[in-house]
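Visitor: The following block contains a protein sequence and its predicted model.
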Amino acid sequence: MSEAPTVLLTGKNSIRRADFLAENTESHLRFVCCDMAEEPERLQELLPEADVIVGGGRGLKFPATNRLKLFQIPFTGYDWITPPELPKGVLFCNTHEHETTIAEHILAGMLEFQTGLMRDTHPMMVAKSYNGRSISAGPMHREMRGCTVGIVGYGHIGREVARRCKAFDMKVLAVSRTVRDEGDLVDAYWTVDDGLDRLCAESDFVIVCAPLDDVTRGMIGAAQFKAMKPDAVISNVGRGEVIDEAALYEALSSKRIRGGIIDVWYVYPSKDDPNPWPSKFPFQKLDNVILSPHNSAWTEPMTTRRWLFVAKQLDRFVTGEPLENVCFEGEG
């Protein structure tokens, strides 16, 4: 490219990383910052001159004439945009680098359900009690070894969960749209159609990592909860709506299953309500759920890895190398 491509940074998170991108790209690039939430009119003026967008873009109105060739989001989920909404030929790419952090979050929740360190053991000592040191003194906690984990949506996150569970000598089951050879990492692997109900029935922990789309929406519902063991624990780090909201609340509140580790939700902050409850159902009142505000990935090392990926992606764009993490091509 003869002139420096224009990279439009569209949100607060991206704008904060402008200097980082400039320092970590080898290519000559022109970075333009515009917070789409604060300056929507200016953003529309800048769009025709952008070669690349880095950031979010929910609700963007693309001009009929533009130079845009790459829309790079610095995060993973893109259920808010479809190919017809993006100008024809524009490549839409996402960013991962969060699988390690999320897998650790999941394992922390699983370990808490098995050991009860914060729920049971710590309160014993605060109460000056030595209960739990023997069978006669109190209930024993559980082990991870020998348990079965079922992973729904076997991608970047699912694979990291499987690796960690294998370190605990657990049996690993997985379902996804297509089956890949994972060697010794997965004990049984099916397509969703062939194996979802069986996975739910055989697993002590059901880990939902699937993205949200027309196929996965509501894929875990009343029938799947009915198939689960009474001692099963479900974790969702994919998207809230992959699990039917009412069915999840019913299974947890009725103690149909043992518990939940829930990081993704059905209601999120908005301008009208910046601090909403995460659901129309009172999950926050349940005593068998570990709740987190969709922050299982949020660590400084993860954000650094993500922005290094974006920087290298911009270099690939300039040099003409194949782009990574291409999700789709615009059809608009």
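Guide: Everything's here; your move.
Visitor: which residues of the stretch 101-250 of the chain score low on pLDDT?
Guide: Within the stretch 101-250 of the chain, the set of residues satisfying pLDDT under 70 comprises 131-138.
Visitor: and with 80 instead?
Guide: 120-125, 127-139, 182 (pLDDT under 80).
Visitor: That one: helices as residue ranges?
Guide: For the stretch 101-250 of the chain, applying DSSP state H, counting those that start in this stretch gives helices covering 122-126, 156-167, 192-202, 222-227, 245-253.
Visitor: For L308, grab phi and psi.
Guide: Torsion angles at L308 (phi, psi; degrees, to the nearest 10) stand at phi -70, psi -40.
Visitor: per-residue pLDDT, it?
Guide: Looking at L308, its pLDDT is 98.
Visitor: For it, grab the count of nearby residues.
Guide: When neighbours are defined as other C-beta atoms under 10 Å, L308 has 15 of them. Heads up, the C-betas are built off the backbone N, CA and C, glycines and all.
Visitor: measure it to W298 for me?
Guide: Going from L308 to W298 by C-beta to C-beta, to the nearest Å gives 17 Å.
Visitor: swap in F317?
Guide: 27 Å.
Visitor: same deal with W80?
Guide: To W298, W80 is 19 Å away according to C-beta to C-beta.
Visitor: again, but for A167
Guide: Separation of A167 from W298 (C-beta to C-beta): 24 Å.
Visitor: Those two: who's more crowded?
Guide: Neighbour comparison, A167 and W298: the larger count goes to W298, with 14 against 10 (by other C-beta under 10 Å).
Visitor: Once you drop chain neighbours, what's closest to that one?
Guide: Nearest non-adjacent residue to W298, counting by C-beta to C-beta, 6 or more residues apart in numbering: T101, 7.4 Å away.
Visitor: now the strands for the stretch 51-200 of the chain?
Guide: For the stretch 51-200 of the chain, the strands defined by DSSP state E, counting those that start in this stretch cover 52-54, 70-72, 91-93, 148-152, 171-176, 188-191.
Visitor: Tell me which of the ones you listed approaches R17 most closely.
Guide: Of all the strands of the stretch 51-200 of the chain, strand 52-54 sits nearest to R17, with 8.4 Å by C-beta to C-beta.
Visitor: doesn't L86 make contact with E331?
Guide: Yes: between E331 and L86 there is a contact under C-beta atoms under 8 Å: 7.2 Å.
Visitor: So for these two, which sits in the more crowded spot?
Guide: Relative neighbour count places L86 above the other of E331 and L86, with 22 against 13, counting by other C-beta under 10 Å.
Visitor: The more buried one and F62 touch, don't they?
Guide: Yes: because the distance of 7.2 Å satisfies C-beta under 8 Å, L86 is recorded as touching F62.
Visitor: Please enumerate the shared neighbours of the two.
Guide: Common contacts of L86 and F62 (C-beta atoms under 8 Å, 6 or more residues apart in numbering): G332.
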